[in-house]
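S.K.: Sharing a model that was predicted from the sequence below.
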Amino acid sequence: MVTVTRQPVLLTTELPGRTCPFRIAEIRPQVNGLIQKRLFTESTEVKVDQDLYQIDPAPFQAALDNATAALGRAEANLPAIHSRVKRYQEALADKAVSQQDFEDASAALKQAEADINYYKATVQSARINLNYARVVSPISGRIGTSSVTDGAIVTAYQPVAMATIQQLDPIYVDVPQSATELLRLQKRLEVGQLKNDGTNASKVRLVMSDGSTYPLEGTLQFRDISVDPTTGSVILRMIFPNPKGVLLPGMFVRGVLQEGVNEQAILIPQQTVARDTKGNPVALIVDKEGKVQQRQLVVDRTIGDQWLVTSGLEAGDLVIAEGMQKVRPGTAVKQVPFDAGGKPSREPAVKTAQTASTSN
């Protein structure tokens, strides 16, 4: 016999999901050229701004030198044109030159200044292209295999990445949650069936594919703002520290999220719950007159080896845990305490009144 009591219970939800990188960068060239050297070892850690590939810089250096020379030529002509404009302006006051000559000199000065600005931009563009000949890592992380080798020809912004870098510490875990279950949880919080003070609401544990528990605790980052119309679920994103690289992208895991605390939860052993002909959960209780009564239950979930009952029982009810097959509703019984430790009892948890009187 089990006496029903109410107790606070922390409710959790276990959802399947997969890991994905915290950051990912696909390495593509920004200029055309020939790969002179690959400068990293595949499947190793790389740092931000670390050199990954060296593209032949010769054509870009030549373009920079050409632009620099053109800029120097344009700047060399500027003082002479500027002096000519100044002389024409003074001579114009004495009418020693025509207005047309002065305007032509002024136009030549503006053109020379525009040429200088143009060649400055050309120099800057050539210097940028020369810098792009060094392909560097934009993030820190683990780099995968290289799709090109020394001597390969690459093109700017080609569709196929030369390599991919993934930051794995920390790492994301994305799990889908049913929109129906999300609404049910929100309603339980609104009516007070669950309490969530926010202290541990964002704490998440992780169960690996082999059933072991990941030793480090994660946090819930956010719930997606839209429902996937094909699955009827929303994505929950969690983040976990991964200093040893145990979690790899694409691994199947299960996230254990804390929903809240049910302050008035009723838990009964699973063996006390049976099913009627329609499959509904039922339990046998002993009323105040010592007779067996059947109660139809509404159960939420299993917690360990117990059922969480949301309807059908009240605190103080006596639920039959053993010998259920020997009694029927309306039968008078004698109460025997149930051994919650799981040790086999020498006598059934209930005895019919007739059996008890015979043994006396």
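M.R.: Yep, it's here. Everything numeric here is computed off the predicted structure, so don't read it as measured data.

S.K.: chain center to the lengthiest strand in the chain: distance?
M.R.: Of all the segments of type strand in the chain, defined by DSSP state E, the longest one is strand 6-27. Offset of strand 6-27 from its chain centre (Cα atoms, centre = their mean, to the nearest Å): 8 Å.

S.K.: Kindly state the domain boundaries assigned to the chain.
M.R.: Taking automatic domain parsing as the reference, the chain has its domains at 13-21+167-261, 29-56+133-160, 57-132, 265-359.

S.K.: out of those domains, nearest to residue 5?
M.R.: Taking Cβ to Cβ, domain 265-359 is the member of the domains of the chain nearest to residue 5, at 5.8 Å. C-betas here are computed from N, CA, C, even on glycine.

S.K.: quick check, distance from the closest one to the centre of its chain.
M.R.: 44 Å.

S.K.: quick revisit: tell me which of the domains of the chain sits nearest to residue 2.
M.R.: It is, among these and with distance given as Cβ to Cβ, domain 265-359, at 4.6 Å.

S.K.: now for the longest strand of the chain, which elements pack on it?
M.R.: Strand 6-27 is packed against strand 141-143, strand 163-178, strand 233-240, strand 252-269, strand 298-303, with contacts defined by 3 or more Cβ pairs under 8 Å, 6 or more residues apart in numbering; DSSP states H and E.

S.K.: give me that answer again for 6 Å
M.R.: strand 163-178, strand 252-269 (3 or more Cβ pairs under 6 Å, 6 or more residues apart in numbering; DSSP states H and E).

S.K.: Return the most buried member of the ones you listed.
M.R.: strand 163-178 (a mean of 20; mean count of other Cβ atoms under 10 Å).

S.K.: residues making contact with it?
M.R.: 15, 17, 19-27, 137, 139, 141-144, 146, 233-243, 245, 247, 255 (Cβ atoms under 6 Å, 6 or more residues apart in numbering).

S.K.: For stretch 283-294, what does the pLDDT average out to?
M.R.: In this model, stretch 283-294 carries a mean pLDDT of 84.

S.K.: which of the residues in it are buried?
M.R.: 283, 284, 285, 286, 292, 293 (16 or more other Cβ atoms under 10 Å).

S.K.: Restricting to C-alpha, output that stretch in PDB.
M.R.: Only the C-alpha atoms of stretch 283-294 are listed here, as PDB (Å, rounded to 0.1, in the frame of the first residue of the first chain):
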ATOM      1  CA  ALA A 283      -5.100   2.600 -10.200                       C
ATOM      2  CA  LEU A 284      -6.800   0.700  -7.300                       C
ATOM      3  CA  ILE A 285      -7.200   2.600  -4.100                       C
ATOM      4  CA  VAL A 286      -8.500   1.600  -0.700                       C
ATOM      5  CA  ASP A 287     -11.300   4.000   0.600                       C
ATOM      6  CA  LYS A 288     -12.100   4.900   4.200                       C
ATOM      7  CA  GLU A 289     -14.300   1.800   4.600                       C
ATOM      8  CA  GLY A 290     -11.400  -0.500   3.600                       C
ATOM      9  CA  LYS A 291     -12.800  -1.400   0.200                       C
ATOM     10  CA  VAL A 292     -11.100  -1.300  -3.100                       C
ATOM     11  CA  GLN A 293     -12.100   1.400  -5.600                       C
ATOM     12  CA  GLN A 294     -10.800   2.000  -9.100                       C
END
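
S.K.: Can you tell me what sits against it?
M.R.: Under Cβ under 6 Å, 6+ apart, the answer for stretch 283-294 is 272-273, 282, 295, 297, 317-320, 324, 327, 329-333.

S.K.: mind redoing it with 8 Å?
M.R.: Residues outside stretch 283-294 that contact it (Cβ atoms under 8 Å, 6 or more residues apart in numbering): 1, 268, 272-274, 282, 295, 297, 312-313, 317-320, 324, 327-335, 350, 353.

S.K.: Filter these down to just the buried residues.
M.R.: 1, 268, 272-273, 282, 295, 297, 312-313, 317-320, 324, 327, 331, 333-334, 350.

S.K.: Looking at those, which are in strands?
M.R.: 268, 282, 295, 318, 319, 333, 334, 350.

S.K.: would a markdown table of those with distance to residue 168 be doable?
M.R.: Below are these laid out as a markdown table (distance: Cβ to Cβ, whole Å):
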| residue | distance to residue 168 |
| --- | --- |
| 268 | 44 |
| 282 | 50 |
| 295 | 52 |
| 318 | 55 |
| 319 | 50 |
| 333 | 61 |
| 334 | 63 |
| 350 | 57 |
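
S.K.: show me where the stretch 51-200 of the chain has strands.
M.R.: 51-55, 134-136, 141-143, 153-154, 163-178 (DSSP state E, counting those that start in this stretch).

S.K.: strands paired with the fourth one, and their directions?
M.R.: Put plainly, it is strand 153-154. strand 33-38 (antiparallel) (DSSP bridges).

S.K.: what's next to the strand it pairs with, contact-wise?
M.R.: Applying Cβ under 8 Å, 6+ apart, the contact partners of strand 33-38 are 52-56, 59-60, 133, 146, 148-154.

S.K.: likewise stretch 222-229?
M.R.: Contacts with stretch 222-229, where a contact means Cβ under 8 Å, 6+ apart, come from 176, 177, 179, 182, 233, 234, 235, 236, 237.
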